[in-house]
Structures are given as structure tokens and as C-alpha cells.
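*Asks:* structure of the sequence below:
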Amino acid sequence: MPNTGLRLAALNLGHFYTHLFLLLHPTVVLAMERELAGSYGQLLLPSTAAFVAFGLGTLPAGWLGDRAPREGLIAAFFLGLGLGGGIAALAPNAWLLALGLAVIGLAASIYHPVGIAMVVEGREKVGRVLGINGVFGNLGVAAAPLVAGGLASGFGWRAAFAVPAVVAGLTGLAYLALVWRDGAKRRLAKPPPTPPPEPLAPADRTRLIAALAIASICGGLVFHGTTVVLPKLFDDRVAGGLLAVGGMASFVLAVAAFTQIAVGTLIDRWPIKPVFVAVVCLQAPLLLAAGVADGPVLLVITLVLMASVFGEIPIHDALIARHAASAWRARLYAVKYVGSLGVSAAAVPLVAGLYGDDAGSAALFGVLALCAAAVAAAALALPRPRQAVPEPA
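*Replies:* Residues are numbered from 1 along each chain as shown. Here you go, the predicted structure:
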């Protein structure tokens, strides 16, 4: 049965929390630089624990999502974010901070394979609902610099973890109450038939899997590399304090996020392949330009770049929804997100190692541009689905 009303709102809010919590620390680092000894690269490295746990937990979460009640897993997701945020807020040293971030990453790993499978369940047209869900996720990305920067500026860096942790914990309790209230009603309701997957020839199925794998891994590195480095990029190349930097990053990410609704609507009406190619073809040159630009020009470039990066996301999820049976979706989303989210563990060391002087920054954006070119090649190689042939009477 399609999730609607409060349940769909809770799932969308969960996507918001996922990306908000994962990106709190990269902005908090800027406050830590002012309060604690250590370079940007050194203080950023504990984020690796969150992204490693995020990637490692995705496959088990997908396996559980096709076997255990998905509502219970989403409740555990909310409560786990609260626990991890609380540990990070109270951490007296880098090791316990890394532990808190790892708990955040492990809890966040539940959302994509389980939550998105719930969002598309029982729907024939999935593009728009995925686009709206994607906007919530990327509004979380956008809100992270502003939330973390505002709380750290006003109350210290620990508040940037403590306040979201309390909110996530309360949301988890409210979601449990909602599930409890609606449980009997949903058990008695007869679910509508799930639309069958679109047919593909065996060779085309292999091409689809290969194209999705390349797009997920390379696109994931572009996504996480740009979102992690954006606050630091603005801090270095656009004038303003910590709160202003957070506001600029949040503005760029929030405006760009709404591209997903437009792209989702397009893929409900048109074949996916030409939309996919159009969305990703400009990423590589924009990344190269972002590596050398500064001031207002940098703001414009990053806005268009992030619109393209975010617009790509519902396309990947729609391909799985259209070609996979419902009983396998959580596991297939898990495999897909192992690629796109697993590389987030490589994105933090990549940014920490390459970002520095002008030459280093150009090198970082050059690597990301190569990844974007690989995504464009994967989009061009995407097969077109065959029309189903009715069986003779």
C-alpha cells in the first residue's frame, strides 16, 4: 500500500534528517578550528567514521528491509540518530567523537534502502514522489551548514550535535506512536497490486546494471565531495564569517535541491535516458570551473553545478523502481547505495588530502570532473526498455 499522509511526511522528514546529521561535522570543523588546535584536514578526519558506518550498514539494512517490518527499522533509524548525536555532543576527545559519528552513520544507513522502498511501494509513477523525497534529503544537505554554523556560533560546537539529537529522538517516539495507531488499520487493508517491472532483454539488463553501478559510484563521489567541501570553499573564496559561510552553502544547496521535482516530473512523462544525459552532461566542465573561480562567480557556478548533481538522484532510484520487483527493492536499493554512499568514506580523505592551496583545490575538482565524465558515459550507455508483448490468448 502506498505510504500517504503523515507516514509519507515522516519518510520525507527521515530523508532530511539523514543528510543533515551526516553533514553536521564538516561545518562544525570550522568552529573547532577556532577553538581547538589542529588543521582542517586533521579535524575533518573523524567524519570518516560516519561515512564508513554509513556504507557498511547499507547492505544489512536492505536485507532486513525485505524481511523485517520496515516501520520498526525506520523508528530505529530516528532513535539511532538521536543516540549518535548525543554521544558526539558529549565526547571529551576525538575517539568518542568518532564513535558518535559512527553511530550516526550506522543509523543513517537504514534510510535509503528501507525508506525509499517504502516511498515507491505500490506506485506506478514514481518520478515525482521520488523527486519530492529527494528535495527533503537535499534540504537536509542544505540545512546542515546553516544549522551547524548557527548553533556552533551561538552556543558552541557541542550544541550543533545536541539540539538535532534531541529533535531526532522525539521524532522517533512520535513515529512509533503513529505506527502503533495505524497498525491495525493497515493490517486489515488489502494492498493494491504492485505494478510489474518494465521488461528488459538479458543483455540490456546487464548494461543497465553496469551503467547504474558506474553512475552510483562515480556520482556518489561527486555528490559527497562537493557537499563536504562547499563550506570550506566558500570560507576561503567568498568573504564572510562562519554564519555567512553556512548561509551561502545552505542557499546554494536548498535552491539546487528543487531540481529533483522537475526531473522527477520529466521522467514520469518522458523516457529516462535523454533526461539523464541532459542532466549530467554539464557536470564535468562546471566542476573544473568551480576549482578556479571565486567571489560571486563561484556562487553562480556552484548553484548550477549542485542543481545538476541533485537532479541526477531521482533518476537512479526510478530506474530500480521501474525494473525491480517489490520484494527485491530494499536489497537492490541497498546495493545501489553501497556504491553511491560507500564512496562517501573516500570523499572525506580525498577532500582532506587534496584541498589546500590553489593547485590542490584544482586537483580535487579535476578528480571530481573525471568522475562526472564517467557518469555521463554511463548515461549514454543506458538501454531503452522494450515494450511488453501481450501473450496470445
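
*Asks:* any idea how far Ala107 is from Ser308?
*Replies:* 29 Å (Cβ to Cβ, to the nearest Å). The C-beta positions use only the backbone N, C-alpha and C, and glycine is treated the same way.

*Asks:* can you give me the helices for the stretch 1-150 of the chain?
*Replies:* With DSSP state H, counting those that start in this stretch as the criterion, the stretch 1-150 of the chain has helices at 5-22, 24-35, 40-44, 47-65, 70-90, 94-108, 116-120, 127-155.

*Asks:* TSV for those, including mean pLDDT?
*Replies:* Output for the helices of the stretch 1-150 of the chain, formatted as TSV (pLDDT from 0 to 100):
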stretch	mean pLDDT
helix 5-22	90
helix 24-35	78
helix 40-44	74
helix 47-65	83
helix 70-90	92
helix 94-108	92
helix 116-120	83
helix 127-155	85
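
*Asks:* what's the most buried one of these?
*Replies:* Comparing these by mean neighbour count (mean count of other Cβ atoms under 10 Å), helix 116-120 ranks first with a mean of 26.

*Asks:* tell me how far it lies from the chain's centre.
*Replies:* Chain-centre distance of helix 116-120: 15 Å, with Cα atoms, centre = their mean, to the nearest Å.

*Asks:* with stretch 66-74 instead?
*Replies:* The chain centre lies 20 Å from the centre of stretch 66-74; the measure is Cα atoms, centre = their mean.

*Asks:* any idea how far apart the tips of it sit?
*Replies:* 13 Å (Cα to Cα, to the nearest Å).

*Asks:* likewise for stretch 237-246?
*Replies:* Stretch 237-246 end-to-end distance (Cα to Cα) = 13 Å.

*Asks:* may I see the buried residues of it?
*Replies:* 237-238, 242, 245-246 (16 or more other Cβ atoms under 10 Å).

*Asks:* mean confidence for it?
*Replies:* Per-region confidence: stretch 237-246 scores 76 on mean pLDDT.

*Asks:* about what we covered before: I'd like the helices of the stretch 1-150 of the chain as a markdown table, with distance to Val280 appended.
*Replies:* Below are the helices of the stretch 1-150 of the chain laid out as a markdown table (distance: least, Cβ to Cβ, whole Å):
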| stretch | distance to Val280 |
| --- | --- |
| helix 5-22 | 20 |
| helix 24-35 | 24 |
| helix 40-44 | 28 |
| helix 47-65 | 23 |
| helix 70-90 | 30 |
| helix 94-108 | 25 |
| helix 116-120 | 20 |
| helix 127-155 | 15 |
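
*Asks:* so which of those comes closest to Val229?
*Replies:* If you check each of these against Val229 by Cβ to Cβ, helix 24-35 wins as the nearest, at 8.2 Å.

*Asks:* summarise which helices and strands the closest one is packed against.
*Replies:* helix 40-44, helix 47-65, helix 127-155, helix 159-188, helix 202-237, helix 242-257 (3 or more Cβ pairs under 8 Å, 6 or more residues apart in numbering; DSSP states H and E).

*Asks:* what would those helices look like in CSV with distance to Gln283?
*Replies:* Shown next, in CSV, are the helices and strands packed on helix 24-35 (distance: least, Cβ to Cβ, whole Å):
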stretch, distance to Gln283
helix 40-44, 24
helix 47-65, 21
helix 127-155, 16
helix 159-188, 30
helix 202-237, 7
helix 242-257, 12
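
*Asks:* quick one: which of those is nearest Gly85?
*Replies:* With Cβ to Cβ, the closest approach to Gly85 among the helices and strands packed on helix 24-35 belongs to helix 159-188: 2.8 Å.

*Asks:* any idea of the mean pLDDT in the closest one?
*Replies:* Average pLDDT, helix 159-188: 82.

*Asks:* quick one: buried residues of it?
*Replies:* Quick answer for helix 159-188 (16+ other Cβ under 10 Å): 159-165, 167-169, 171-172, 175-176, 178-179.
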